[in-house]
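[1] Predicted coordinates and the sequence they were generated for:
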Amino acid sequence: SGVPPIDFRASLNDEQFAAVTAEPGPLLILAGAGSGKTRTLTYRVAYLLSKGVRPAEILLLTFTNKAAKEMLHRVHDLTGVEPGRFWGGTFHSIGNRALRIYGDAIGLPKNFTILDADESESLLKQVVETENKLFFKDKTNPKPGPLFSVLSLARNTQKPIDETVERYFPQYSEIKHMLPPFAAAYAAKKRAQDVLDYDDLLELWLELLKKAPDVAAYFANRFRHVLVDEYQDTNTIQSQIVDALAGHHQVMAVGDDAQCIYSWRGADFENLMTFEDRHPGTVIHRIETNYRSTPQILNLANGVLDAQPKGRHFEKELRAARKNGQRPMVVQTIDDREQADFILKRTRNLIEEEGVAPGEIAILYRSHFHALEIQLAFSRAGIPYQITSGVKFFERQHVRDLIAFVQFVANPRNESAWNRIAVLLPKVGDKGAQKIYAAAYDHAKLMQRDFVDALATDDVKTKVSKDAKDEWASFTASLKQISDVMRTGKPESVISTAIDGWYADYMKGEYADYIDRMEELKALIGFASRFDDIEEMLSQISLMNGETSEKHVDVPPDTVKLTTVHQSKGLEFDIVFVIGVADGMFPGRRAIEADDVEEERRLFYVAVTRAKNELYICYPKVATRAGPGGLLLTPSRFITELSPDLYEPLRIKRQFGW
Ligand code: ATP
Ligand code: MG
């Protein structure tokens, strides 16, 4: 085909070469970060093609669709075979593909619709409302948001609902008997509407493999080779799919148990440990050379794993293939703001003086809100950045809700702020919100009253739907408190009043992860403390949203990357800053309280092993989220556990006054 033959020997080390050219049979590649697992998988595909295997016989399962595309492009470069001729992608996308073509074997229509997370949740919400009306007196329970998380985890781990509740959501154990009927009603509703949620794509795919022998046989004949990257993060249902697919043919799984970071979504690295039992005749290959990082970065990464308690994991020691570099730096700053300033200065220097491409710089964090100050600093300095995962801080739903409370009180003519908060009340929709608004408007005008006061009058209350009446008093009281504080108090007091008001209760019911979201909102208090005036703060937020919203601005492809550690898995960058590495932030407070920091440690390991040339581990001494004065932080145990000769400490003195 005009593509020169591949020199596998020259492109791979001995361990990789052995894995790539292994004889037929189940293969497990166990190796640490940056050792070329993904590369090995890519070359294995190329090798199979060179042996006459057809692309249609290969199934490639990866963690993101982008990762699959990249691998297949590499294969294309190596072999000339077009990426479109393979089946490759995430479990969900391949499940979708399989169900579209063969789903009728289990009674699935071809034209089913896939609901995204929001749509699934709102469907569940309808179900909860109907069921409650029919069967249960308790109108307030269960809340659809948390219920959705429970049901999803149960499905992904293939465990009964009550067991899932007991183990992961003890706060719902009192109502756990109510949940299975909701699950059944939700499933029936989806079936009636020919819609699938994400979890269905896995569940029904597995069902197809198990219950439709013809289809299962077809798959078995077709995909003679199944290759899975990041195997340590498969959950029960995914590993059952792999097992079902690999029944009669070859499977190559690659993984690193030290990088299992998705147990909160049901991932279980036991799947990796027990792979051999489920696939008799497995040959295990290990790769112990790291090609990604300098020896100094690698020593620190090994140090992180050395601090793991002895337990069930594979021993791994990585040797560096690269030449010496500088030691990683552990950077202490006074607070978040100075952490951002340090990173901004260093980033500028790297780009402007040292010629580093912006896209080779990554800032990694445990939680989105840790990056708030960095977003501000970069926006102000005009350094383009890209948040590769999730949504920018001020565009997050709960952040926007909370800001809307403040915006509305600051200017009751802002009807869109009103609409945003009013529809949070039970059974209040856009129309209801408008009706209430109109009534309050008339009342305020007629009686020459303050708008917020007008909301609390009986005139207005009659316009509030029945289901929202109970909460109406605390809702309006919360607005009134915000309004009172706004008259005399500082912006940070306004924000904390809003956070402690009705919205706190709302969040508790609405979000299973409300503790995390609460923490995020508290980051706003620190932000507010920089302003003398609430209007000034609100306009700054509006400006920033306009300026940084990716929907409106073309983001240059080569920009600094801001991402959570979770989303950075598998990736690599010349320069990595890990921020917020303080106890209570990384590891997070909840992990510390639950005395279970091992997953957080693995997450930290993933973070530091993304770096090729330079690694900065940063932490603030004071958490500004509690406002000026702040909360004293201690460096993360993941730092203090390290031998001090593994890094270069750097203390940045205070540069800004309060
Ligand atoms: P992670 O655990 O983070 O997913 P990985 O084990 O998948 O890492 P890769 O991403 O495949 O590792 O490889 C890490 C880096 O090392 C890549 O830049 C890759 O090209 C390079 N690399 C791997 N093996 C070799 C080799 N034999 N020769 C040269 N470079 C290599
Ligand atoms: Mg990889």
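    Now that the structure is in, tell me what you want to look at. Ligands and ions are numbered 1, 2, ... in the order given.
[2] Is the closest residue to Pro24 other than its chain neighbours bridged to anything, and to what?
    Leaving aside its chain neighbours, Pro24 sits nearest to Gln250 (5.6 Å; criterion: CB to CB, 6 or more residues apart in numbering). All C-beta atoms are positioned from the backbone trio N, CA, C, and that covers glycine. For Gln250, the beta-bridge partners are His225 (DSSP bridges).
[3] how about Gln250, what does it touch?
    Pro24, Gly25, Pro26, Leu27, Arg224, His225, Val226 (CB atoms under 8 Å, 6 or more residues apart in numbering).
[4] Between which two of these is the distance greatest?
    Spatially, the most separated pair among the contacts of Gln250 is Leu27 and Arg224, at 13.6 Å (CB to CB).
[5] Compare neighbour counts for the two and give me the winner.
    Each of Leu27 and Arg224 has its neighbours counted (other CB atoms under 10 Å); Leu27 has more, 24 against 17.
[6] Poorly predicted segments of the stretch 551-658 of the chain, please.
    The model of the stretch 551-658 of the chain has pLDDT under 70 over residues 551-556, 624-630, 655-658.
[7] try 50 this time
    Residue ranges of the stretch 551-658 of the chain with pLDDT under 50: 551-555, 657-658.
[8] Report the contact partners of Phe182.
    Residues counted as contacts of Phe182 (CB under 8 Å, 6+ apart) are Leu124, Val127, Val128, Glu131, Pro142, Leu147, Leu151.
[9] of the residues you listed, buried ones?
    Buried members of the contacts of Phe182, scored by 16 or more other CB atoms under 10 Å, are Leu124, Val127, Val128, Glu131, Pro142, Leu147, Leu151.
[10] for the chain, which strand is longest?
    Ranked by residue count, the top strand of the chain under DSSP state E comes out as strand 611-623.
[11] helix or strand right after that one?
    strand 631-632 (DSSP states H and E).
[12] for ligand 2, what are the nearby residues on the stretch 451-600 of the chain?
    When proximity is defined as CB under 5 Å from the ion, the stretch 451-600 of the chain approaches ligand 2 at Gly570.
[13] Tell me where the stretch 451-600 of the chain has strands.
    Assigned by DSSP state E, counting those that start in this stretch, the stretch 451-600 of the chain shows strands spanning 560-564, 573-578.
[14] Could you dump these into a markdown table with distance to Ala410 and mean neighbour count added?
    Output for these, formatted as a markdown table (distance: least, CB to CB, whole Å; neighbours: other CB atoms under 10 Å):
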| stretch | distance to Ala410 | mean neighbour count |
| --- | --- | --- |
| strand 560-564 | 29 | 22 |
| strand 573-578 | 35 | 25 |
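[15] can you redo these as CSV with distance to Trp264?
    Shown next, in CSV, are those (distance: least, CB to CB, whole Å):
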stretch, distance to Trp264
strand 560-564, 13
strand 573-578, 20
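[16] Columns distance to ligand 1 on top of these, output as TSV?
    Output for the strands of the stretch 451-600 of the chain, formatted as TSV (distance: least, CB to the nearest ligand atom, whole Å):
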stretch	distance to ligand 1
strand 560-564	14
strand 573-578	11
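[17] Could you pull out the helices in the stretch 101-250 of the chain for me?
    117-135, 144-157, 161-168, 179-193, 198-211, 213-222, 236-245 (DSSP state H, counting those that start in this stretch).
[18] Which other helices and strands does the fifth one contact?
    Contact partners of helix 198-211 among helices and strands, from 3 or more CB pairs under 8 Å, 6 or more residues apart in numbering; DSSP states H and E: helix 91-102, helix 144-157, helix 213-222, helix 236-245.
[19] That helix: how far from the chain's middle?
    Here helix 198-211 is found 24 Å from its chain centre; the criterion is CA atoms, centre = their mean, to the nearest Å.
[20] before we move on, back to that, spatially, which two of the buried ones among the contacts of Phe182 are the most separated?
    The largest separation in the buried ones among the contacts of Phe182, counting by CB to CB, is between Glu131 and Leu151 at 13.4 Å.
[21] From ligand 1, how far out is the closest residue to Ala267 other than its chain neighbours?
    Nearest residue to Ala267, sequence neighbours excluded (CB to CB, 6+ apart): Asp233, at 4.4 Å. Distance of Asp233 to ligand 1, computed by CB to the nearest ligand atom, to the nearest Å: 11 Å.
[22] Now for Asp233, how many residues are close by?
    24.
[23] show me the contacts for it.
    Phe63, Gly255, Gln259, Cys260, Ile261, Tyr262, Ala267, Phe269, Lys569.
[24] What of Lys461?
    So Lys461 contacts Lys469, Trp472 (CB under 8 Å, 6+ apart).
[25] With the one 3 residues further on instead?
    For Val464, the contact set (CB under 8 Å, 6+ apart) comprises Leu425, Val428, Gly432, Ile436, Trp472.
[26] Now Val44: which helix or strand?
    Let me fix one detail, which is that residue 44 is Arg and not Val. helix 37-50.
[27] ok, back up a step: same list, the helices of the stretch 101-250 of the chain, but as CSV with mean pLDDT and distance to ligand 1 please.
    Formatted as CSV, those follow (pLDDT from 0 to 100; distance: least, CB to the nearest ligand atom, whole Å):
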stretch, mean pLDDT, distance to ligand 1
helix 117-135, 79, 26
helix 144-157, 89, 22
helix 161-168, 90, 27
helix 179-193, 91, 35
helix 198-211, 94, 22
helix 213-222, 88, 27
helix 236-245, 93, 17
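[28] Count residues in the vicinity of whichever residue of the chain sits closest to ligand 2, would you?
    Residue of the chain nearest ligand 2, by CB to the ion: Thr38 (3.3 Å). By the criterion of other CB under 10 Å, Thr38 has 20 neighbours.
[29] coming back round to it: against which helices or strands is the longest strand of the chain packed?
    Short answer (3+ CB pairs under 8 Å, 6+ apart): strand 611-623 packs on helix 295-306, strand 329-335, helix 336-352, strand 573-578, strand 631-632.
[30] any idea which of those is most buried?
    Of all the helices and strands packed on strand 611-623, strand 573-578 carries the top mean neighbour count, a mean of 25, counting by mean count of other CB atoms under 10 Å.
[31] Adjacent strands (with direction) for that one?
    Short version: by DSSP bridges, strand 573-578 pairs with strand 361-365 (parallel), strand 611-623 (parallel).
[32] Tell me which residues are up against it.
    Taking CB under 8 Å, 6+ apart as the rule, strand 573-578 contacts 343, 346, 350, 356-357, 360-365, 561, 565, 586, 604, 607-608, 610-618.
[33] Among these, name the buried ones.
    Using 16+ other CB under 10 Å, the buried ones in the contacts of strand 573-578 are 343, 346, 350, 356, 360-365, 561, 565, 586, 604, 607-608, 610-618.
[34] tell me the helices in the stretch 351-500 of the chain, going along the chain?
    372-381, 397-410, 415-422, 430-447, 451-455, 458-461, 469-488, 491-500.
[35] If you count neighbours, what's buried in the fourth one?
    Within helix 430-447, the residues that qualify as buried are Gly432, Ala433, Lys435, Ile436, Tyr437, Ala439, Ala440, Tyr441, His443, Ala444, counting by 16+ other CB under 10 Å.
[36] Not counting sequence-adjacent ones, nearest residue to the last one?
    Taking CB to CB, 6+ apart, and ignoring the residues beside it in sequence, Ala444 has Ala454 as its nearest neighbour in space, at 4.0 Å.
[37] and what of the second one?
    Among residues not flanking Ala433 along the chain, Ala422 sits closest, at 3.7 Å (CB to CB, 6+ apart).
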